[in-house]
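**Q** sequence and predicted model, in that order:
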Amino acid sequence: RCSYSPHGAYAQSKLALVLFTYRLQHLLTANGSHVTANVVDPGVVNTELYKHVFWVVKVAKWMTAWIFFKTPEEGASTTLYAAVSPEMEGAGGCYLYNEERTKSADVAYDEELQRRLWTESCKMVGIFDESSRVP
């Protein structure tokens, strides 16, 4: 029996983003493209993402965010690094946190899972999966 968990759904969506990006980079490289795709983890950022949570969580966030959360500007710094840093020129398939390349969760490197997510995504949006010809 499964039940919905907002935190679980959020975690699944982040894993899907990483899996999808790694597969995208694989396909770009296989096709000789110079375009790169990377994953950026901004960390915990003080945004409106938490506006629909239970009131106790809102109070806890309000009391601690200034200590533990990044500002939106700080959260954006790794995205900017990925987009414009000379160190990232030509680098794809990276997981970036605090402007550094780091390892993502082990499951994110499962190439079969990456393929399955890519194929299912193509089906869901109604496009032909051209990657079926790429190993």
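**A** Sure thing, it's come through.
**Q** please enumerate the helices of the chain.
**A** Under the criterion DSSP state H, helices of the chain are mapped to 6-30, 55-68, 72-84, 111-125.
**Q** tell me which of those helices lies nearest to Asn38.
**A** Among those, helix 72-84 comes nearest to Asn38, with 5.1 Å by Cβ to Cβ. To be clear about C-beta, it is placed using only N, CA and C from the backbone, and glycine gets the same treatment.
**Q** which other residues reach the closest one?
**A** 38, 40-43, 45-47, 88, 94, 96-99 (Cβ atoms under 8 Å, 6 or more residues apart in numbering).
**Q** can you do 7 Å?
**A** Contact with helix 72-84 is made by Asn38, Val40, Pro42, Gly43, Val45, Asn46, Thr47, Met88, Leu96, Tyr97, Asn98, Glu99, as judged by Cβ atoms under 7 Å, 6 or more residues apart in numbering.
**Q** tell me which of those residues fall in strands.
**A** In strands, defined here by DSSP state E, the members of those are Val40, Leu96, Tyr97.
**Q** quick check on those residues: which are buried?
**A** Among the ones in strands among the contacts of helix 72-84, those buried by neighbour count (16 or more other Cβ atoms under 10 Å) are Val40, Leu96.
**Q** only the buried residues of stretch 29-45, if you could.
**A** Thr29, Thr36, Ala37, Asn38, Val39, Val40, Asp41, Pro42.
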